[in-house]
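Undergrad: Next come a sequence and a model predicted from it.
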Amino acid sequence: MKTSDVNHDMLFFAAFMFRLDHLEQRIEPRDHIMLEVQCGKHTFLICEEGEGHLYIGTEHWPFSTGHIYPISPEEAYQLEHRSSKHLKYTVMTYDVFQAGSGNPEQYTRPLFQNRTRLNDRAAVPLHGEIKEIYASRSYKNDAEYSHLNTLFQRWMERIITRYTSTGSEQNLESRLASTIQYIDEHYADEISVQKLASMAGIRPALYTTMFRERTAHKPLDYINHVRIQHAKEWLRKTDAPLRDIAGRVGFKDEYYFSRRFRQITGLSPRHYDRSIQQQTMVKDWLGHDVHIPANPERVLFFGHTAGDLRVLGIPLLGEQAYDPVAHMNVETASRLKPDLIIMDSEDEEQYEQLSRIAPTLAYNSHASLDERLTRAGSWFGRQNKAKRWLSSYEKQLVGMWEKISKAIPLGETASVLTYHRGARLFVMGNIGLAPLLYHPLGFRPVHKVQEALAAGRAYKEISADEVHEHVGDYLFLMLPQEPAARHATERLLQSPEWRNLTAVEQGRVYPLEELVWNSGDAETCEQLLEKLPDLLDNHLQ
């Protein structure tokens with residue numbers, strides 16, 4: 001069918017027909033294994049509840065409530081949890097047929113080139129449509145199938161409309177952003193949700209939902225947060241009465257101001273004023289502005305890179321660190337009475353709990369060694385010490401690789417494998433031993449690992465059947481301490497998949513205790529400068 005007033009050269013989706021293949025809802029508990037999935041058909045991943053990360057080849061995307069991602073045939077994806085809660089999502093697969101002069105042909109090339117376009121924050125959620133399609137999926141006759149097909153075609157209409165829209169939805173997002181800017185600039189004025197919603201031209205209930213998705217705060221909570229941040233500045237630079245400071249930042253009531261201040265900071269305004277006199281303001285990995293002791297003496301570290309702090313001479317409580325997964329809890333922190341807490345996590349809920357005990361800094365152990373040491377040095381006034389250490393380390397590292405490269409040709413590949421959290425097998429990406437191996441003068445990652453590195457992945461979970469795709473010419477096998485993981489390692493070593501690996505056949509497997517060597521902290525990296533040549537000694541002679 002053609003119409004004379006349509007420019008068919010401007011159309012794309014008009015050339016296709018769509019047929020629903022399969023619909024499945026999944027709920028993944030926090031510790032459930034989610035391996036890489038190869039798509040045989042066009043696929044939509046729709047997140048209904050929870051937060052996670054989605055990896056598609058070298059791409060890396062947030063996966064949280066409301067997000068929809070299109071995936072093409074032959075592409076592979078892998079999901080990972082981001083929080084302690086479960087991840088609930090729907091997988092929808094469908095066929096695409098391209099209409100031509102003859103019979104329709106199956107279309108397997110990418111249909112949606114821009115994955116992010118379906119995730120405009122202003123877009124209306126489509127959970128209702130998904131539920132309706134899911135409820136109709138088990139059809140028993142032609143009439144029921146026709147109903148299901150109608151629902152699916154309506155879904156595709158909404159998806160294509162969202163994907164091709166360029167004006168109204170972006171304007172809606174822009175209007176929302178302008179109200180947030182208004183709050184930041186006019187925080188001292190009287191502001192209500194109704195006023196903000198009216199400015200954006202959005203119904204108050206929808207405005208509150210969109211605002212929370214954008215900022216992770218309700219509008220009034222965000223207003224109070226901005227006001228308290230400015231109140232902190234006034235407390236630092238003036239001795240004015242609290243009622244004056246409260247009025248300057250938009251609070252009409254001194255009592256309400258003090259209550260909100262304590263809720264947000266954990267301190268009364270005057271207690272905060274006294275405490276900051278002996279503190280330093282720093283910004284942590286997640287963007288929190290934190291007042292920390294100028295010379296902390298009881299630092300509690302939850303993470304795997306405590307060696308970064310040790311080489312800078314920063315004392316840790318009991319000279320040890322705590323596992324951020326297994327042992328990060330309020331009871332432990334409170335009992336040890338720290339004057340500073342450093343946590344290797346992006347869990348904001350846990351951050352808030354710990355920050356009530358002591359000033360808390362979020363630390364990214366997955367960042368590069370250079371970035372981590374530079375940040376830690378700036379926190380504690382030890383920038384020069386960090387620079388000297390990094391300079392010395394890089395010289396020693398280059399010297400080590402120059403020695404190794406005389407015996408091992410440039411271009412040889414290497415991989416690091418380990419079992420962790422029970423019988424779950426991982427290939428390491430940008431943390432632990434792996435970054436040291438992938439030095440410009442060192443080993444190269446195999447293609448599958450290179451994809452993970454390009455996506456910024458710390459590790460990638462794989463199955464024993466996939467080991468051959470992730471193992472290089474040299475294989476560094478981490479031996480876990482956990483009994484279940486150790487037993488899984490032993491089973492792998494006895495498997496045909498393991499014995500058939502080229503690295504195994506050629507005797508290029510190097511076992512290492514995970515607890516000791518699979519950490520990329522500064523202290524361990526120093527020790528690896530001697531350990532790695534010792535491991536490769538046969539090749540260096």
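TA: Nice, thanks for sending it over. Numbers count the residues shown, from 1 in each chain.
Undergrad: Please make it C-alpha for all contacts and neighbour counts, starting now.
TA: OK.
Undergrad: would you say Y89 is within a helix?
TA: No. With the criterion set as DSSP: H, G, I helix; E, B strand; the rest coil, the secondary structure at Y89 is strand rather than a helix.
Undergrad: For G456, give its distance to W61.
TA: With the distance defined as C-alpha to C-alpha, to the nearest Å, G456 ends up 11 Å from W61.
Undergrad: Show the pLDDT at D120.
TA: What the model reports as pLDDT for D120 is 64.
Undergrad: swap that for D289, please
TA: You'll see D289 listed with a pLDDT of 86.
Undergrad: Flag the shaky bits of the stretch 101-250 of the chain, pLDDT-wise.
TA: Confidence mapping of the stretch 101-250 of the chain against pLDDT under 70 gives the ranges 101, 120-125, 166-171.
Undergrad: in it, which spans are strands?
TA: Using DSSP state E, counting those that start in this stretch, the strands assigned to the stretch 101-250 of the chain run over residues 105-106.
Undergrad: got any ranges where the chain has weak pLDDT?
TA: Counting by pLDDT under 70, the low-confidence segments of the chain come to 1-11, 84, 100-101, 120-125, 166-171, 274-279, 324-328, 538-541.
Undergrad: Go again with 50.
TA: Along the chain, the model assigns pLDDT under 50 to residues 1, 3-4, 6-9, 122, 168-170, 541.
Undergrad: Let me see the domain layout of it.
TA: Taking automatic domain parsing as the criterion, the chain consists of the domains 8-164, 167-280, 284-381, 409-540.
Undergrad: In the stretch 201-350 of the chain, mark out all the helices, start to finish.
TA: Along the stretch 201-350 of the chain, counting by DSSP state H, counting those that start in this stretch, helices occupy 204-215, 219-237, 242-248, 254-265, 269-275, 307-311, 330-336, 348-355.
Undergrad: what's the closest of these to L286?
TA: Of all those, it is helix 348-355 that lies closest to L286, at 9.0 Å by C-alpha to C-alpha.
Undergrad: Show residues contacting that closest one.
TA: By C-alpha atoms under 8 Å, 6 or more residues apart in numbering, the surrounding residues in contact with helix 348-355 are N329, V330, A333, I341, M343, T360, A362.
Undergrad: again, but for stretch 466-485
TA: Taking C-alpha under 8 Å, 6+ apart as the criterion, the residues outside stretch 466-485 that touch it are 412-424, 427, 445-449, 486, 489, 497-498, 501-503, 508-515, 517-518.
Undergrad: and L79, what is it in contact with?
TA: So, once contact is read as C-alpha under 8 Å, 6+ apart, L79 ends up touching M34, L35, E36, G52, H53, L54, Y55.
Undergrad: buried ones in stretch 287-306?
TA: When burial is assessed from 16 or more other C-alpha atoms under 10 Å, stretch 287-306 yields the following buried residues: 290-293, 296, 298-306.
Undergrad: Kindly reformat these as a markdown table and extend each row with distance to D465.
TA: Putting the buried residues of stretch 287-306 into a markdown table (distance: C-alpha to C-alpha, whole Å) gives the following:
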| residue | distance to D465 |
| --- | --- |
| V290 | 47 |
| H291 | 50 |
| I292 | 49 |
| P293 | 51 |
| P296 | 49 |
| R298 | 47 |
| V299 | 43 |
| L300 | 41 |
| F301 | 37 |
| F302 | 34 |
| G303 | 31 |
| H304 | 29 |
| T305 | 31 |
| A306 | 35 |
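Undergrad: Right, I'll call it a day here.
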